[in-house]
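Participant: Give the three-dimensional model of this entry:
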Amino acid sequence: MTMLLDATTLTPTDRDGHHSHHGDPPKLSHDQLAYTHAETLAAGRRPYSFAAKVLFWQMDLLYGKAKTFEKSLVLEIVARVPYQTWENASYKRITRVHRRTGLAVRIWDRIREFRAQQDNEQWHMLIMAELVERQGTKAGWFRFRFLPQVIAIGWWHFCWALYAVKPAWSHRLNADFEDHAEHTYAEMVVENPAYETTSWDSTLCGEYGSYASLADLLRQISHDERCHKQESEIHLLEPRVR
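Facilitator: Prediction:
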């Protein structure tokens, strides 16, 4: 379901040559990452909803407007929340409609997508945590441990309520969030040219992928966010699974 690049230009696949599926974005080569990075920088942002604007304002107020790994770590903690709420709500729905096997299977297919998206965001969080650790900066307990959990809990209930009332509302909010993340990571690369020559390799997060530079790592994360945004946009156009 992932909408990626024009098939006439690039055919993104993962490192083993297999196409991605069920919400798991493909890993791109350096040339593909450079191409998609330029696309993101040239693209306009979505018209954000009021709820999204409030969240972004709140994050800027608490963590500043600068694009830092510490702030990105907080955002990635929150980014997993919509997929968790959708998975939870979908499991409950399967329990209610399990005798309608065809419907239950269609909902299960959505759950697989949500879980893959959630796992991808989990990698982003772990990578940001490692980058913060490598910097050696001391992140305050209240602002960077306690507050993110409070924000995530509130965001969980808000996203769950939106999804329960009208799934499209929750998908639109997530598309806004992922669009913001896509552009933030792309702009972070531009604002830090030294990242082009900063090597990146991780034994802790090696399963996510190995990249020649920190810039390419951030480009890949930016592209992941684009995939998630486009998946949510697709769900905006589709009727609820029935």
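Participant: burial count for the closest residue to Ala212 other than its chain neighbours?
Facilitator: Leaving out its chain neighbours, the residue that sits closest to Ala212 by CB to CB, 6 or more residues apart in numbering is His30, at 6.6 Å. Where C-beta positions appear, they are placed from N, C-alpha and C, glycine not excepted. Counted with other CB atoms under 10 Å, residues neighbouring His30 total 13.
Participant: What of the one 10 residues further on?
Facilitator: Residues contacting Thr40 under the criterion other CB under 10 Å number 20.
Participant: just to revisit the earlier point, hang on, the residue nearest to Ala212 packs against Gly209?
Facilitator: No - using CB atoms under 8 Å, His30 is not in contact with Gly209, being 11.9 Å away.
Participant: Distance from the helix-or-strand element of the chain with minimal mean pLDDT to the middle of the chain?
Facilitator: Within the chain, confidence by mean pLDDT, DSSP states H and E is lowest for helix 141 among all helices and strands, at a mean of 82. Centroid displacement of helix 141 relative to its chain, using CA atoms, centre = their mean, to the nearest Å, is 24 Å.
Participant: quick one: the helices in the chain?
Facilitator: When assigned using DSSP state H, the helices of the chain occupy the ranges 30-42, 50-63, 69-79, 81-97, 101-135, 141, 147-165, 167-191, 214-237.
Participant: between the last one and helix 101-135, how big is the angle?
Facilitator: It stands for helix 214-237. On the basis of axes from the mean of the first three to the mean of the last three CA atoms, to 10 degrees, helix 214-237 is oriented at 150 degrees to helix 101-135.
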